[in-house]
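> below are the sequence and a predicted model for it; my questions follow.
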Amino acid sequence: MGNCPECGAMIEDEGFELGEIIECEGCGVELEITSVAPLEFVVFEEEEK
């Protein structure tokens with residue numbers, strides 16, 4: 001379980017994989033999984049090419 005860095009909403013661990021992109025149900029921001037144990041994520045920002 002972790003908290004969204006944008007809105008603080010609780011996010012349940014649903015078997016995410018490292019590097020997976022998920023959407024926060026609280027605020028809709030995209031989050032990238034940076035660690036699975038403990039569950040951690042950062043706001044996902046696409047790289048400009």
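That came through fine.
> list the helices and strands the longest strand along the chain packs on?
Secondary structure of the chain per DSSP state E: the longest strand is strand 30-36. Strand 30-36 sits against strand 21-23, strand 39-43, with contacts defined as 3 or more C-beta pairs under 8 Å, 6 or more residues apart in numbering; DSSP states H and E. To be clear about C-beta, it is placed using only N, CA and C from the backbone, and glycine gets the same treatment.
> which residues does it contact?
Identification of contacts with strand 30-36 by C-beta atoms under 8 Å, 6 or more residues apart in numbering yields 4-5, 11, 13, 16-24, 39-44.
> where does the chain dip in pLDDT?
The chain contains residues with pLDDT under 70 at 48-49.
> which non-adjacent residue is nearest the most centrally placed residue in the chain?
By C-alpha atoms, centre = their mean, the chain has its centre lying nearest to Leu31, at 3.3 Å. Spatial nearest neighbour of Leu31, excluding adjacent residues (C-beta to C-beta, 6 or more residues apart in numbering): Phe41 at 4.1 Å.
> how many neighbouring residues does that neighbour have?
Residues lying near Phe41 (other C-beta atoms under 10 Å) number 23.
> contact partners for it?
Phe41 makes contact with Gly2, Cys4, Pro5, Ile11, Ile22, Leu31, Glu32, Ile33, Thr34, according to C-beta under 8 Å, 6+ apart.
> and the longest strand of the chain with strand 39-43, angle?
150 degrees (axes from the mean of the first three to the mean of the last three C-alpha atoms, to 10 degrees).
> direction included, what does strand 30-36 pair up with?
Note on strand 30-36: by DSSP bridges, its sheet partners are strand 21-23 (antiparallel), strand 39-43 (antiparallel).
> so which of those strands is the most packed in?
Mean neighbours per residue, mean count of other C-beta atoms under 10 Å, is largest over these for strand 39-43, with a mean of 15.
> helix, strand or coil: sort out Glu25 for me.
Following DSSP: H, G, I helix; E, B strand; the rest coil, Glu25 is assigned to coil.
> for it, which residues are in contact?
When contacts are counted by C-beta under 8 Å, 6+ apart, Glu25 is found next to Ala9, Ile11.
> mind redoing it with 10 Å?
Glu25 makes contact with Cys4, Cys7, Ala9, Met10, Ile11, Glu12, according to C-beta atoms under 10 Å, 6 or more residues apart in numbering.
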